[in-house]
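1. Give me the fold of what follows.
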Amino acid sequence: MYNARNHSNWTWILFLGFIALSVADIRFAMLGLLCMILPVYHAIRGRGRIHCANYCPRGSFLTRTLGKFSMKASMPSFMKTNAFRNGFLILIFAIFGTNIYLSGGDISRIATGLFSLVIATTLLGLTMGIFYRERSWCTICPMGHSSNLIARARERK
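-> Numbering: from 1, shown residues only. A predicted model of the protein is given here:
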């Protein structure tokens, strides 16, 4: 039987491909929307955070890149709270929403803003992964948190 967990062994290549394509032509940065849509799609379909554990290219990249460099310390407890994660989710969506508004509908400008957001959050994830565990970013990832909120709402039904 095929094991979905095997995807995390190679999806980091998709992340590097995304970066390379986006540098070559910024319009490819719109592919980053897939990493925003797919976790929510899986959660709505009742699969919880399966995307985070098995498919996420950035999570795979962080694991692969930081495995030997991470100090493997625990994150500060305040970063694990729902209040912090909700605030971070709102912040990221506010930044992205503002970018879309200010772009005037220009796809290249939206893509540039999305790419900038991906690079900034990746740098944050790399920094967190060095000082804490390699996938510490996943604890505060806005899309992972959104998926978790959707999964919990589905459980309450």
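2. list the contacts for the nearest residue to residue 141 once chain neighbours are set aside?
-> In space, and not counting its chain neighbours, residue 141 is closest to residue 52: 7.1 Å by Cβ to Cβ, 6 or more residues apart in numbering. To be clear about C-beta, it is placed using only N, CA and C from the backbone, and glycine gets the same treatment. By Cβ atoms under 8 Å, 6 or more residues apart in numbering, residue 52 lies in contact with 39, 59, 138, 141, 143, 144, 147.
3. Let's see that with 10 Å instead.
-> Residues in contact with residue 52 (Cβ atoms under 10 Å, 6 or more residues apart in numbering) are 8, 39, 42-43, 58-59, 135, 138, 141, 143-145, 147-148.
4. would a markdown table of those residues with neighbour count and secondary structure be doable?
-> Shown next, in a markdown table, are the contacts of residue 52 (neighbours: other Cβ atoms under 10 Å; DSSP: H, G, I helix; E, B strand; the rest coil):
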| residue | neighbour count | secondary structure |
| --- | --- | --- |
| 8 | 18 | helix |
| 39 | 27 | helix |
| 42 | 20 | helix |
| 43 | 25 | helix |
| 58 | 24 | helix |
| 59 | 24 | helix |
| 135 | 22 | coil |
| 138 | 22 | helix |
| 141 | 26 | coil |
| 143 | 22 | helix |
| 144 | 22 | helix |
| 145 | 22 | helix |
| 147 | 24 | helix |
| 148 | 18 | helix |
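5. Can you verify my assumption that residue 124 contacts residue 137?
-> Yes - contact criterion Cβ atoms under 10 Å: residue 124 and residue 137 qualify, at 6.8 Å.
6. of the two, who's got more company?
-> Higher neighbour count among residue 124 and residue 137: residue 137, with 24 against 14, using other Cβ atoms under 10 Å.
7. Could you find the closest non-adjacent residue to the more buried one?
-> Residue 137's closest residue in space is residue 125 (Cβ to Cβ, 6+ apart), at 3.2 Å.
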